[in-house]
Every structure is written in structure tokens, then in C-alpha cells.
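Colleague: sequence plus the predicted model coming up.
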Amino acid sequence: MQIDIFTLFPEAFAWFERQRHVANALAGGHRLDYVNYRDHTPLNAGQVDDTPFGGGAGMVLRVDVVEAALRARYGRDPVELREERRVVVLAAGGTVLDDGVVSELAREEALTLLSGRYEGIDQRVVDHFATDEVSIGRYVLAGGELAAMVLCDAVLRKLPGALGHPDSALEESFSEALAGAREYPHYTRPAEYRGWRVPEVLLSGHHARIREWRLEQSAARGAGPTGGPLP
């Protein structure tokens, strides 16, 4: 998979690329590339934003700046680009990122992520250049860089070779394997600590019973507040 991240702060991703599963994915042939809006702005003095029409605080990333950056990267009209690859605007008001969305994006060969800054991105970018508008939660960040990292983290760890064990990403909270419920609890040594014992079934060595117990625990936890009501 190739993921292109459009941002004003490409240097912010240096730490992210050093995370083990991200490094594994990149070593396995997947790519993270960055495009700085300022490097392609058609405006003077590196300007990329302007005040919002209608008044109000903050600055808005301009549609002509985003188009210039997209054209520089792909050599075509960004309106046509949507027919070839997923172009995702990261915005607080978008579709909330969940495991279903992540799994869908992980099946793509290429993704383009558009990070906003300041007050956000001109709506015409969303309407005419993007295929998706995605939010990592119902709150506001200063920019889309952290949201881009969250989305990339969730997507990359689903790709073959990113995690140490191929089954690590199968039974996780909100996954299909757990019917969208939260993951079952985990325990490790010591088996008893301050009188708190690990459930006996996990010490039994009986894999069928352990499997049944884990599924029961997951079902009892339910999907939680972001994925639906608890039972």
C-alpha cells in the first residue's frame, strides 16, 4: 500500500515511522510519502490559508492551494483523481473512524490523506476532491497530523507483516471475529497478586474452554459507547 499524506508539517511523522509495526510495514514494501502544501502553493510568501468568508476566527486552508499540491503530486485534475484512489479529508465532522472503516481502507492499494490546520479546509476540497471525510472522534484538534497518524496506525497494523504474529490483529476490540464487541480481558504472570487470582480457566490448558470463556467475556463487554449500547 502507498499512503500519501498532505500536510504543513511532514517532520511531525518522523517519530511515527520509528514505531515497530510501522517500520515493519515500510520494510515490507508499503510506503508513507509526504507532500507539504507550502512547497506547491501558487501564492506569494508560502501562503496557504486565508480568512473565512462570512467572518469568524481562524484561518482556512485554501482550495487552490490544495489543488496545486494534488496536481503536483499526481499530474492531473484532482476531480479525476477520485476515480483512481481514495482521497480522505481528515476533519472533526467526518465519518467516525471505526474498525469497519479501517478494514475497508486497509484493502485499498493507495490512499491520499489531506490534513487540515487552523480552522480547517475549504469545503470545496471535501465536495470536489475527496472520496471520504473521516474523523477520529467527536472533538477538535489543532490539525490533521495526529488524525493522520491514528488512521495510518490502524490501517498499517492490519497489513501482512506489520505485527510480530499474523493473528495479532484478528481478535481485537470491534473486530469481525468478536462480532464488533470489545476484546476479552488479558492476564499474565504472576498468577496471583495481592490475593487477586487469574481466572482458573486460563490456567487450565484447556483451549476449547479458554476460547469459550474469552468469547463470553467479549460478548458481556459489548461494543461500548462508541460502537453501540452495552447489554
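Modeller: It's in. Numbering: from 1, shown residues only.

Colleague: can you give the strand pairings for the lengthiest strand in the chain, parallel or anti for each?
Modeller: Criterion DSSP state E: the longest strand present in the chain is strand 86-96. Partners of strand 86-96 in the sheet, by DSSP bridges, are strand 110-115 (parallel), strand 132-135 (parallel).

Colleague: okay, those strands, which one's buried deepest?
Modeller: Mean neighbour count (mean count of other C-beta atoms under 10 Å) peaks for strand 110-115 among the strands paired with strand 86-96, with a mean of 24. C-beta: built from backbone N, CA, C; applies to glycine.

Colleague: report the distance from that one to the chain centre.
Modeller: Distance, stretch centre to chain centre, for strand 110-115: 10 Å (C-alpha atoms, centre = their mean, to the nearest Å).

Colleague: quick thing: my sequence starts at 19, can you match it?
Modeller: Sounds good: first residue 19 from here, last item strand 128-133.

Colleague: convert it to PDB, retaining C-alpha atoms only.
Modeller: Provided in PDB are the C-alpha atoms of strand 128-133 (Å, rounded to 0.1, in the frame of the first residue of the first chain):
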ATOM      1  CA  ALA A 128      -3.300   3.500  -2.300                       C
ATOM      2  CA  LEU A 129      -4.600   6.200   0.000                       C
ATOM      3  CA  THR A 130      -4.300  10.000   0.000                       C
ATOM      4  CA  LEU A 131      -4.800  11.800   3.300                       C
ATOM      5  CA  LEU A 132      -5.500  15.500   3.400                       C
ATOM      6  CA  SER A 133      -4.600  17.100   6.800                       C
END
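
Colleague: contact partners for Ala209?
Modeller: 215-216, 221 (C-beta atoms under 8 Å, 6 or more residues apart in numbering).

Colleague: buried only: go through those residues for me.
Modeller: Val216 (16 or more other C-beta atoms under 10 Å).

Colleague: the contacts of Ala209 in helices, which ones?
Modeller: Of the contacts of Ala209, the ones assigned to helices by DSSP state H are Leu221.

Colleague: from the contacts of Ala209, pick the one nearest Glu29.
Modeller: Of all those, Glu29 sits closest to Val216, with 44.5 Å by C-beta to C-beta.

Colleague: contacts only, for the closest one.
Modeller: Counted by C-beta under 8 Å, 6+ apart, Val216 has contacts 205, 209-210.

Colleague: ok so, going back, of the strands paired with strand 104-114, which is nearest Ala30?
Modeller: strand 128-133 (9.3 Å).

Colleague: what packs against the following helix or strand past that closest one?
Modeller: Proceeding N to C from strand 128-133, the next assigned helix or strand is strand 138-139, under DSSP states H and E. Counting contacts by 3 or more C-beta pairs under 8 Å, 6 or more residues apart in numbering; DSSP states H and E, strand 138-139 packs against strand 78-79, strand 104-114.

Colleague: residue ranges with poor pLDDT in the protein?
Modeller: 182-195, 242-249 (pLDDT under 70).

Colleague: run a quick neighbour tally on the nearest residue in space to Ala160 that is not next to it in sequence.
Modeller: Spatial nearest neighbour of Ala160, excluding adjacent residues (C-beta to C-beta, 6 or more residues apart in numbering): Arg135 at 7.3 Å. When neighbours are counted by other C-beta atoms under 10 Å, Arg135 registers 21.

Colleague: and Arg135, how far from Asp145?
Modeller: Separation of Arg135 from Asp145 (C-beta to C-beta, to the nearest Å) stands at 19 Å.

Colleague: OK, contacts around Gly155?
Modeller: Here Gly155 is in contact with 110, 114-115 (C-beta under 8 Å, 6+ apart).
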